[in-house]
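Chemist: A structural model of the following input is requested.
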Amino acid sequence: MGFPYDVLITAASTLVAGVAGGIGGALLTGRQADRHDKQQRRLNAYTDLMLRLDELTRTFGAYETVADAKLNAKLVQRVNPAVGAIQVAYSAVYLSGSKNVQPLARDAWQAAWDIHAWFSPVDLSPETAPQTGDQLSALVTALQAASSKFADAARAELA
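Modeler: As a prediction, the model looks like this:
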């Protein structure tokens, strides 16, 4: 009576399939975890930037006329840290955001910095026109539009 090679072949193939399945399953689980982590980083980055943009937009909603806003020192004290927080939040979107959302995030970031620049001292040469409340109103409107486009794109991507 000879050695049952068919049993040995079956056992060996079962062992190989089990090991390969275990390794494949571990790789698949790791890949799924990586994909989930990436999606979570994007969600966190998008959410943080949306909240920071909303915070800056709401800063101007508290004033009856934006034209008088420059005269209010408290507003300047709120704009500077809000734009700084937008800078930090934008960096996370820049690093983890998709190619479709990044340009919209950049537009919103730029709109925030345009508002910051409006509050910054201007060149006092005669060629420089004075800053007006109408200019600030236009900048706030641009911020709101850019923020909405970014938020809509982020929601669509994560849906």
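Chemist: Check what contacts stretch 37-47 and list those residues.
Modeler: Counting by Cβ atoms under 8 Å, 6 or more residues apart in numbering, stretch 37-47 makes contact with 89, 92-93, 95-98, 101, 154, 157-158, all of which sit outside it. C-beta: built from backbone N, CA, C; applies to glycine.
Chemist: Check which residues of that stretch are buried.
Modeler: Judged by neighbour count (16 or more other Cβ atoms under 10 Å), stretch 37-47 contains these buried residues: 42, 45-46.
Chemist: how many neighbours does residue 151 have?
Modeler: Here the neighbour count serves as a burial measure; for residue 151 (other Cβ atoms under 10 Å) it reads 19.
Chemist: With residue 32 instead?
Modeler: Residue 32 is surrounded by 10 other residues when neighbours are defined as other Cβ under 10 Å.
Chemist: What distance do you get for it to residue 105?
Modeler: As defined by Cβ to Cβ, to the nearest Å, residue 32 lies at a distance of 27 Å from residue 105.
Chemist: Residue 84: which of the buried residues of stretch 37-47 is nearest?
Modeler: Within the buried residues of stretch 37-47, the smallest distance to residue 84 is 16.5 Å, found for residue 45 (Cβ to Cβ).
Chemist: For the closest one, which non-adjacent residue is spatially closest?
Modeler: Nearest residue to residue 45, sequence neighbours excluded (Cβ to Cβ, 6 or more residues apart in numbering): residue 92, at 3.8 Å.
Chemist: could you list every residue that touches that neighbour?
Modeler: Taking Cβ under 8 Å, 6+ apart, one finds 41, 44-45, 48-49 in contact with residue 92.
Chemist: got any ranges where the protein has weak pLDDT?
Modeler: Flagging of the chain using pLDDT under 70 yields the residue ranges 1-8, 15-22, 24-28, 30, 62-73, 121-133.
Chemist: let's see it at 50
Modeler: Segments of the chain classed as low confidence (criterion: pLDDT under 50) are 126.
Chemist: which residues in it form helices?
Modeler: 5-61, 73-96, 102-119, 133-158 (DSSP state H).
Chemist: Need the winner for burial among these.
Modeler: Greatest average neighbour count among the helices of the chain goes to helix 102-119 (a mean of 20), per mean count of other Cβ atoms under 10 Å.
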